[in-house]
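Enquirer: just coords:
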């Protein structure tokens with residue numbers, strides 16, 4: 001019965017996608033909204049597909065991005081949240097993205113010299129963006145990715161290196 005209801009909701013969602021107007025929400029309201037399951041800036045059929053693949057599953061609260069309300073179960077409440085935001089797109093401010101990466105770096109407990117050099121590079125890239133020097137900022141961020149990659153497994157864990165490089169790629173892709 002639960003899968004049948006979910007199927008009906010998915011069909012309704014697809015109908016809504018055909019007739020809906022896409023809205024834009026400023027990144028200052030939400031940087032990574034939980035209903036954008038794949039974190040691509042659009043609440044779309046890819047998010048519905050991800051939800052469908054895990055509907056009815058349960059685990060610890062917040063165990064999956066599809067568990068939007070963090071109650072431990074991917075259920076109709078999560079589908080409802082997804083449906084209510086279907087069609088929205090998100091514009092993320094590059095300054096906010098860089099500030100979030102800086103916060104992440106500070107939380108990683110890296111050696112002081114490495115932390116300082118990463119933060120300095122991020123702040124320099126932010127300044128370049130503020131001055132309209134987009135290509136220079138992209139070059140700075142690419143150089144930073146190389147610097148992080150060179151320290152991978154030495155002064156920075158694989159997990160942290162991957163996280164930072166993914167975040168930097170996200171910033172570059174959104175410039």
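Expert: That came through fine. If you're wondering where the values come from, they're calculated on a predicted model, not measured in any experiment. Numbers count the residues shown, from 1 in each chain.
Enquirer: hey, let's count contacts and neighbours off CA atoms from now on
Expert: Fine.
Enquirer: and the residue most central in space within the chain, how far is that from residue 157?
Expert: Centroid-nearest residue in the chain, with Cα atoms, centre = their mean: residue 39, separated by 4.0 Å. Counting by Cα to Cα, to the nearest Å, the gap from residue 39 to residue 157 is 23 Å.
Enquirer: and the residue nearest to the centre of the chain, what helix or strand is that in?
Expert: Using DSSP states H and E, residue 39 sits in no helix or strand.
Enquirer: distance of it from residue 92?
Expert: For residue 39, the distance to residue 92 - Cα to Cα - is 11 Å.
Enquirer: List of residues touching stretch 62-76?
Expert: Contact partners of stretch 62-76, identified using Cα atoms under 8 Å, 6 or more residues apart in numbering, comprise 6, 34-35, 37, 50-51, 54-61, 77-78, 81.
Enquirer: Show me those that map onto helices.
Expert: Of these, the ones assigned to helices by DSSP state H are 6, 50, 51, 54, 77, 78, 81.
Enquirer: and those residues as JSON lines, adding pLDDT, neighbour count and distance to residue 166?
Expert: Output for the ones in helices among the contacts of stretch 62-76, formatted as JSON lines (pLDDT from 0 to 100; neighbours: other Cα atoms under 10 Å; distance: Cα to Cα, whole Å):
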{"residue": "6", "pLDDT": "67", "neighbour count": "18", "distance to residue 166": "33"}
{"residue": "50", "pLDDT": "92", "neighbour count": "14", "distance to residue 166": "20"}
{"residue": "51", "pLDDT": "92", "neighbour count": "25", "distance to residue 166": "23"}
{"residue": "54", "pLDDT": "94", "neighbour count": "16", "distance to residue 166": "24"}
{"residue": "77", "pLDDT": "92", "neighbour count": "14", "distance to residue 166": "30"}
{"residue": "78", "pLDDT": "92", "neighbour count": "21", "distance to residue 166": "26"}
{"residue": "81", "pLDDT": "91", "neighbour count": "14", "distance to residue 166": "27"}
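Enquirer: Turn these into a markdown table, columns for distance to residue 96.
Expert: What follows is the ones in helices among the contacts of stretch 62-76, written out as a markdown table (distance: Cα to Cα, whole Å):
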| residue | distance to residue 96 |
| --- | --- |
| 6 | 36 |
| 50 | 27 |
| 51 | 28 |
| 54 | 31 |
| 77 | 30 |
| 78 | 27 |
| 81 | 25 |
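Enquirer: Out of the residues you listed, the closest to residue 144 would be?
Expert: Of all the ones in helices among the contacts of stretch 62-76, residue 144 sits closest to residue 50, with 32.2 Å by Cα to Cα.
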